[in-house]
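In: structure, please.
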Amino acid sequence: MKRVCAYTAVSLVLAFSGAAFGAVSAGQFSVSPMIGGYTYDGGQHLDTAPVYSLRGGYSFTDRVGVEAGLDYSITSSRLKTDKDVAIFKYGVEGLYHFMPDKKLVPFVAAGLGGYNMSGPSALVSRKTMGFIDYGGGVKYFLYDRLALRADVRHVVANA
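Out: As a prediction, this is how the structure comes out:
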């Protein structure tokens, strides 16, 4: 599986490695499928797990934009009552882009939303909570409409 991911990444880089004019611009729509991971603090009793995400965004100006996102993850619980816990997170974030006309575009983000936890016991079964998040990231444009992206967020939930 690691080889398939590596070959796919190298193929995309080679396919789109022509002249890069990438930048964030006003009126631009974006769709960002992502694969990442969630790490939980000790009080949640959940293991680190992969997350699959889809985000749609719009840039009001070269620097200011907004994104709506959906995340899905299945993690393992350290509690005896729950083995697998499904997490569905949804929300909206505001983004501020630094150097929006460059190939490498760093940004900060802050947002709010909610998430649902679903597991076999009453402890997490259909539990819904709100959250705020903040963090940052970077977009590296390989082509004018294709970028690699890395994000880091801190999610603060109301339990």
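
In: worst-scoring helix or strand of this structure, pLDDT-wise?
Out: Least confident helix or strand of the chain, by mean pLDDT, DSSP states H and E, is helix 2-15 with a mean of 46.

In: and residue 137, what are its bridge partners?
Out: For residue 137, the beta-bridge partners are residue 107, residue 151 (DSSP bridges).

In: next, count neighbours for it.
Out: Here the number of neighbours of residue 137 (other Cβ atoms under 10 Å) works out to 15. (C-beta placed from N, C-alpha, C; glycine too.)

In: which residues touch it?
Out: 106-107, 109, 149-152 (Cβ atoms under 8 Å, 6 or more residues apart in numbering).

In: residue 154 too?
Out: Contacts of residue 154 (Cβ under 8 Å, 6+ apart): 133-135.

In: that one is in what secondary structure piece?
Out: strand 146-157 (DSSP states H and E).

In: can you give the distance of that strand from its chain's centre?
Out: Mean-position distance between strand 146-157 and its chain equals 5 Å (Cα atoms, centre = their mean, to the nearest Å).

In: stretch 51-64 too?
Out: 10 Å.

In: restrict it to CA atoms and write it as CSV.
Out: Output of stretch 51-64 as CSV, limited to C-alpha atoms (Å, rounded to 0.1, in the frame of the first residue of the first chain):
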residue,chain,number,x,y,z
VAL,A,51,-9.2,10.4,8.9
TYR,A,52,-10.7,10.9,5.4
SER,A,53,-11.8,14.4,4.6
LEU,A,54,-13.5,16.4,1.9
ARG,A,55,-13.4,20.2,1.9
GLY,A,56,-15.0,22.8,-0.4
GLY,A,57,-13.8,26.4,-0.3
TYR,A,58,-14.2,29.8,-1.8
SER,A,59,-11.8,32.8,-1.7
PHE,A,60,-13.4,36.2,-1.2
THR,A,61,-10.1,38.0,-1.8
ASP,A,62,-6.6,36.9,-2.5
ARG,A,63,-6.0,36.5,1.2
VAL,A,64,-9.4,35.7,2.8
